[in-house]
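Visitor: sequence? don't have it. structure:
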């Protein structure tokens, strides 16, 4: 297992080719994941979020930010969604503080 895969290991996904999953930039790439969720070295946004153990709203905001210049002609829609999820997380934190 190379130095990157040990951090992004998923059962059955760390071979050179397995059921449509291929190596891209030294990291396993899952063909079910759109290219706009993959960085230039093959890192997948979801795996980065999992590695940092981000809660739902922060992970969702992060994936919107990471894809913002890759999915649409402008980043406005993705960044607007990211901001909304950051606000949801702030609301949750404030609610928990008041409980």
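Guide: On my side now, so go ahead. This one's a predicted model, so the numbers in the text were calculated from it and none came from an experiment.
Visitor: quick one: low-confidence parts of the chain?
Guide: Where the chain drops to pLDDT under 70, the residues are 1-29.
Visitor: just the helices in it please.
Guide: 45-51, 56-67, 76-98 (DSSP state H).
Visitor: Tabulate these (CSV), appending mean neighbour count and distance to residue 36.
Guide: (Each C-beta comes from the backbone N, C-alpha and C, glycine too.) Output for those, formatted as CSV (neighbours: other CB atoms under 10 Å; distance: least, CB to CB, whole Å):
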stretch, mean neighbour count, distance to residue 36
helix 45-51, 17, 9
helix 56-67, 19, 5
helix 76-98, 13, 9
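Visitor: Same list (those) but as a markdown table, adding distance to residue 39.
Guide: Shown next, in a markdown table, are those (distance: least, CB to CB, whole Å):
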| stretch | distance to residue 39 |
| --- | --- |
| helix 45-51 | 8 |
| helix 56-67 | 7 |
| helix 76-98 | 15 |
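Visitor: Of those helices, which is nearest residue 31?
Guide: Residue 31 lies closest, by CB to CB, to one member of those: helix 45-51, at 14.2 Å.
Visitor: Show me what the closest one is packed up against.
Guide: Contacting helix 45-51 under the criterion 3 or more CB pairs under 8 Å, 6 or more residues apart in numbering; DSSP states H and E are the following elements: helix 56-67.
Visitor: what does the helix it packs on contact?
Guide: Contact with helix 56-67 is made by 36-37, 39, 45-46, 48-50, 54, 78-79, 81-83, 85-86, 88-89, 92, as judged by CB atoms under 8 Å, 6 or more residues apart in numbering.
Visitor: Okay then, goodbye and thanks.
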